[in-house]
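**Student:** what follows is a predicted protein model with its sequence.
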Amino acid sequence: MDRDEYIKKFYEEVKENVEGDYKIILEPGRKLKEDWIEYDQVKWEVEENIEELVKELQKDDTLSFEEKILKVYEKICLNYIYDDNVLYFFKRDASDINNIKYIAVDWYGRIVGNTWIENRKKHNRRICYEFARIYAKAINELLGENKKLEAFMVGDKENLHYVVGLTGDDYSAILDLDNFNKIKDLTRLKLGLTLDGITILRDETGKLKDAIDNYNKGRLVDLLEMEEAKNKFAENDVIKYLNEVVKILKSYNIDSQGFMEYTRAKVENQGIEIEKIWKEIKGGAEKRYVRCILFDFDGKTYLIDTVEQEMKVVNREDLKEFVFNPQEHQYPYYGG
């Protein structure tokens with residue numbers, strides 16, 4: 001089976017196993033034509049620190065290919081953070097009667113030029129399009145002359161989220177290190193937790209599953225301190241429990257985005273509805289915002305400030321430095 005046939009088979013596997021409408025995005029230069037195929041407008045390149053690891057792995061005969069791609073996955077997760085400033089520019093889809101759909105912006109990481117790419121080299125914040133390009137290209141470099149596997153990008157038709165697809169003779173999988181819908185592996189691996197972002201669609205030999213299982217040996221699904229705090233406080237004193245969550249997580253010194261998604265998961269697991277508000281990061285080369293959490297409980301309003309990494313009681317009218325509706329506070333083009 002040639003590479004084009006592998007991709008066609010993969011697309012059918014995605015349709016069978018994943019909800020939604022998806023497309024496959026290929027590196028420029030291929031000739032495969034289908035209505036669900038798109039060619040990226042940006043050259044795929046592996047960033048320097050990842051390229052160094054790829055070159056080391058190419059020379060390593062002691063690791064399997066599956067172990068090597070997990071090494072790269074880990075390297076990305078430990079050395080990059082999700083740039084949630086992109087979400088500040090997402091707009092609600094006015095045509096959606098349920099008011100839950102968003103419209104992405106192409107210029108923030110998806111269709112970009114050299115200026116954007118050069119500016120990104122000045123920090124470690126990236127978004128899904130960038131992660132997917134870097135990782136897919138790195139995997140293909142590791143494959144070398146092996147034509148029995150190929151990596152590419154997979155995205156929803158609305159361009160809200162891109163991941164890596166990997167397919168070939170032995171298996172097909174979706175590799176998503178920055179999943180919107182749960183605590184990202186970008187955060188999980190920084191905390192020493194299990195890898196949770198790879199979805200296996202087919203694994204006829206068990207090689208990929210075995211590699212993931214071996215990687216996860218000795219790792220916990222959640223922090224031990226969090227389980228202890230939950231058992232001690234969650235049932236009788238929710239606020240004390242959430243304060244413990246914030247205190248414990250702050251001790252791990254993770255980025256504001258990781259702090260936000262982790263604490264959000266813990267708050268929502270208590271059946272509490274949250275509101276996302278935005279705080280400007282001062283002193284950077286360009287204006288940018290990160291998400292914080294607001295919620296009501298027992299007649300009080302609580303703020304989880306992901307920059308200061310603290311939780312406190314607040315009055316909404318006092319939150320002048322926060323943005324509640326980004327669409328009403330847009331600012332000029334962000335250059336990367």
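**Tutor:** That came in fine, so what should we check first? The model shown is predicted, which means the values in this text are computed figures rather than measured ones.

**Student:** skipping adjacent residues, who's closest to residue 149 in space?
**Tutor:** Leaving aside its sequence neighbours, residue 149 sits nearest to residue 168 (C-beta to C-beta, 6 or more residues apart in numbering; 3.4 Å). (C-beta placed from N, C-alpha, C; glycine too.)

**Student:** distance of residue 67 from residue 273?
**Tutor:** Distance from residue 67 to residue 273, counting by C-beta to C-beta, to the nearest Å: 42 Å.

**Student:** between those two, which one's more packed in?
**Tutor:** Using other C-beta atoms under 10 Å as the criterion, residue 67 and residue 273 rank with residue 67 on top: 16 against 9.

**Student:** OK, contacts around that one?
**Tutor:** The contact partners of residue 67, by C-beta atoms under 8 Å, 6 or more residues apart in numbering, come to 211, 214-215.

**Student:** pull out the buried positions in the one helix or strand it maps to.
**Tutor:** When elements are assigned from DSSP states H and E, residue 67 belongs to helix 65-79. For helix 65-79, the neighbour count (16 or more other C-beta atoms under 10 Å) marks 65-77 as buried.

**Student:** and the furthest pair within the residues you listed?
**Tutor:** 65 and 77 (18.9 Å; C-beta to C-beta).

**Student:** quick one on the thing from earlier: need the buried residues of helix 65-79 in a markdown table (columns: pLDDT).
**Tutor:** Listed next are the buried residues of helix 65-79 as a markdown table, based on pLDDT from 0 to 100:
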| residue | pLDDT |
| --- | --- |
| 65 | 97 |
| 66 | 98 |
| 67 | 98 |
| 68 | 98 |
| 69 | 98 |
| 70 | 98 |
| 71 | 98 |
| 72 | 98 |
| 73 | 98 |
| 74 | 98 |
| 75 | 98 |
| 76 | 98 |
| 77 | 98 |
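
**Student:** reformat those as a markdown table; add distance to residue 34.
**Tutor:** As requested, those are exported to a markdown table (distance: C-beta to C-beta, whole Å):
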| residue | distance to residue 34 |
| --- | --- |
| 65 | 27 |
| 66 | 28 |
| 67 | 33 |
| 68 | 30 |
| 69 | 26 |
| 70 | 30 |
| 71 | 32 |
| 72 | 28 |
| 73 | 28 |
| 74 | 33 |
| 75 | 32 |
| 76 | 29 |
| 77 | 32 |
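
**Student:** for the residue lying closest to residue 190 once chain neighbours are set aside, helix, strand, or coil?
**Tutor:** Distance criterion C-beta to C-beta, 6+ apart; nearest residue to residue 190, sequence neighbours excluded, is residue 254 at 5.5 Å. Put simply, residue 254 is coil when judged by DSSP: H, G, I helix; E, B strand; the rest coil.

**Student:** ok, now which ones touch residue 254?
**Tutor:** 187, 190-191, 262.

**Student:** which ones among those map onto helices?
**Tutor:** With DSSP state H as the criterion, helices contain 187, 262 from among these.

**Student:** from the contacts of residue 254, keep the buried residues only.
**Tutor:** 187, 190-191, 262.

**Student:** next up, phi/psi of residue 232, please.
**Tutor:** phi -80, psi -40 (degrees, to the nearest 10).

**Student:** typo on my end, it should be residue 281
**Tutor:** Dihedral angles (degrees, to the nearest 10) for residue 281: phi -90, psi 120.

**Student:** what's the neighbour count on it?
**Tutor:** 13.

**Student:** need the contact list for it.
**Tutor:** 256, 288-290, 307.

**Student:** domains for this structure, by residue range?
**Tutor:** Following automatic domain parsing, one gets these domains for the chain: 3-216, 224-328.

**Student:** which residues of the stretch 51-200 of the chain fall in helices?
**Tutor:** 65-79, 85-88, 114-120, 128-143, 185-188 (DSSP state H, counting those that start in this stretch).

**Student:** reformat those helices as a markdown table; add distance to residue 36.
**Tutor:** Putting those into a markdown table (distance: least, C-beta to C-beta, whole Å) gives the following:
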| stretch | distance to residue 36 |
| --- | --- |
| helix 65-79 | 24 |
| helix 85-88 | 25 |
| helix 114-120 | 27 |
| helix 128-143 | 17 |
| helix 185-188 | 26 |
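
**Student:** and residue 6, which of those helices is closest to it?
**Tutor:** helix 128-143 (12.1 Å).

**Student:** worst-scoring helix or strand of the protein, pLDDT-wise?
**Tutor:** Of all helical and strand segments in the chain, the minimum by mean pLDDT, DSSP states H and E falls on strand 91-92, at a mean of 76.

**Student:** tell me which strands that one pairs with, and in which orientation.
**Tutor:** Strand 91-92 pairs in its sheet with strand 102-103 (antiparallel), by DSSP bridges.

**Student:** all strands for the stretch 151-300 of the chain, in order.
**Tutor:** 162-168, 171-175, 198-203, 274-280, 289-297, 300-305 (DSSP state E, counting those that start in this stretch).

**Student:** point out the most buried one among those.
**Tutor:** Mean neighbour count (mean count of other C-beta atoms under 10 Å) peaks for strand 162-168 among the strands of the stretch 151-300 of the chain, with a mean of 25.

**Student:** and that one, what does it pack onto?
**Tutor:** helix 3-17, helix 128-143, strand 149-156, strand 171-175 (3 or more C-beta pairs under 8 Å, 6 or more residues apart in numbering; DSSP states H and E).
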